[in-house]
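Enquirer: fold the following.
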Amino acid sequence: MSSSFEKALKTLENKIPEYIKKVGRFQYKNQAFRLVDHYIASEYKRCDICGHRPIKEVFVIQDSRGNTLNVGNICINKITNQKIAQWFKDIHNRIETLKNNEYAIGTCELLLNQKLVFISAIGRKRLRTMLKRMLDGRKPTQKQVKLLIYYAHKYNDALRARRTTHGNHI
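Expert: Next comes the predicted model:
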């Protein structure tokens, strides 16, 4: 795992508790509530607001006396009048995308730091743009993927050639 990957993952994961605080207080049945937790349930739950079952994505809200309710994504949006469920879906998708891009991130960093293969200034800029995009939890474009594959092949070919000339046949 690269340190930039770990840092990006931690940054995205830290956005969750920050966002929970940002939601603030809201009213439900003439009581003040606040969002205190969000998780994907290992076993299906029931929404304490509407009774819908099953809910897999659970938002935990708490009143001023400490009583909690498990709430589904539709109800949390209704009672807060905010698109909370969508925000969590988006952040979880970005975290998954970042994890799926871990190998490509490492390859991109390797290419940017190696001295074996010449990469033009434009190519380096495009690789850095791709790296930044992936570290933000977004998928690289098809054009970026092709560029990464192109330079990775050049790098592998140069490694093979270097090993052959040094008597280390593959």
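Enquirer: contacts, neighbours, all on C-alpha from now
Expert: Will do.
Enquirer: residues contacting residue 62?
Expert: 33-36, 68-69 (C-alpha atoms under 8 Å, 6 or more residues apart in numbering).
Enquirer: which positions within the helix or strand in which residue 147 is found qualify as buried?
Expert: Mapping residue 147 onto the secondary structure by DSSP states H and E places it in helix 142-165. Of all the residues in helix 142-165, those buried under the rule 16 or more other C-alpha atoms under 10 Å are 144, 147-148, 151-152, 154-155.
Enquirer: repeat for stretch 70-81
Expert: Of the residues in stretch 70-81, those buried by neighbour count under the rule 16+ other C-alpha under 10 Å are 70-73, 75-76, 80.
Enquirer: helices - which of these land there?
Expert: Secondary-structure check on the buried residues of stretch 70-81 using DSSP state H: residues within helices are 73, 75-76, 80.
Enquirer: follow-up on the earlier one: residue 102: which of the buried residues of helix 142-165 is nearest?
Expert: Distance ranking of these against residue 102, using C-alpha to C-alpha, places residue 148 first at 13.5 Å.
Enquirer: that closest one touches residue 110, doesn't it?
Expert: No. Residue 148 is beyond contact range of residue 110, at 10.8 Å (criterion: C-alpha atoms under 8 Å).
Enquirer: tell me the SS of residue 42?
Expert: Assigned with DSSP: H, G, I helix; E, B strand; the rest coil, residue 42 falls in the strand class.
Enquirer: identify the residue spatially nearest to it, adjacent ones excluded.
Expert: Distances taken as C-alpha to C-alpha, 6 or more residues apart in numbering place residue 56 nearest to residue 42, at 7.6 Å, with adjacent residues excluded.
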